[in-house]
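K.L.:
take this sequence and fold it.
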Amino acid sequence: MEWQVFTLWWYVILSIIGIVFLPTTRLLFARFYDQGYAFSKIIGILAITYTTFVLGTLKIAPFTPATLIGIVIAAGIVNAFIYKKNQRSVYLF
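P.N.:
All right, here's what the predicted structure looks like:
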């Protein structure tokens, strides 16, 4: 039963990352039928891991859960600004 809880938690975290990065993928893949929804989780994971790698390599921030949460929150703020800026061009598919 324990592995099912971890699997569900993993799926929820990935879904949150996908929702957070959806404005970026809609901007990058505007001509796609689904506006890049399929790539939102992939781009989110890549952006979070690359940012964590750079911050850790340059010794700006340690590799801790707090750093990862901070990066996701910062990405959410940036994507909220992207959403607000392009709100008129965003439509439901």
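K.L.:
how about stretch 38-53: buried residues?
P.N.:
39-41, 43-44, 47-48, 51-52 (16 or more other CB atoms under 10 Å). C-beta: built from backbone N, CA, C; applies to glycine.
K.L.:
go on, stretch 3-13?
P.N.:
Here stretch 3-13 shows no buried residue, counting by 16+ other CB under 10 Å.
K.L.:
can I get it in PDB, CA atoms only?
P.N.:
Extracted in PDB, the C-alpha atoms of stretch 3-13 (Å, rounded to 0.1, in the frame of the first residue of the first chain):
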ATOM      1  CA  TRP A   3       4.200   2.400  -2.900                       C
ATOM      2  CA  GLN A   4       0.700   3.400  -4.100                       C
ATOM      3  CA  VAL A   5       0.800   6.500  -1.900                       C
ATOM      4  CA  PHE A   6       4.200   7.500  -3.200                       C
ATOM      5  CA  THR A   7       3.100   6.900  -6.800                       C
ATOM      6  CA  LEU A   8       0.100   9.100  -6.300                       C
ATOM      7  CA  TRP A   9       2.200  11.800  -4.600                       C
ATOM      8  CA  TRP A  10       4.700  11.600  -7.500                       C
ATOM      9  CA  TYR A  11       1.800  12.000 -10.000                       C
ATOM     10  CA  VAL A  12       0.300  15.000  -8.100                       C
ATOM     11  CA  ILE A  13       3.700  16.800  -8.000                       C
END
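K.L.:
coming back round to it: possible to save the buried residues of stretch 38-53 as TSV with pLDDT?
P.N.:
As requested, the buried residues of stretch 38-53 are exported to TSV (pLDDT from 0 to 100):
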residue	pLDDT
39	91
40	92
41	93
43	95
44	94
47	95
48	94
51	95
52	95
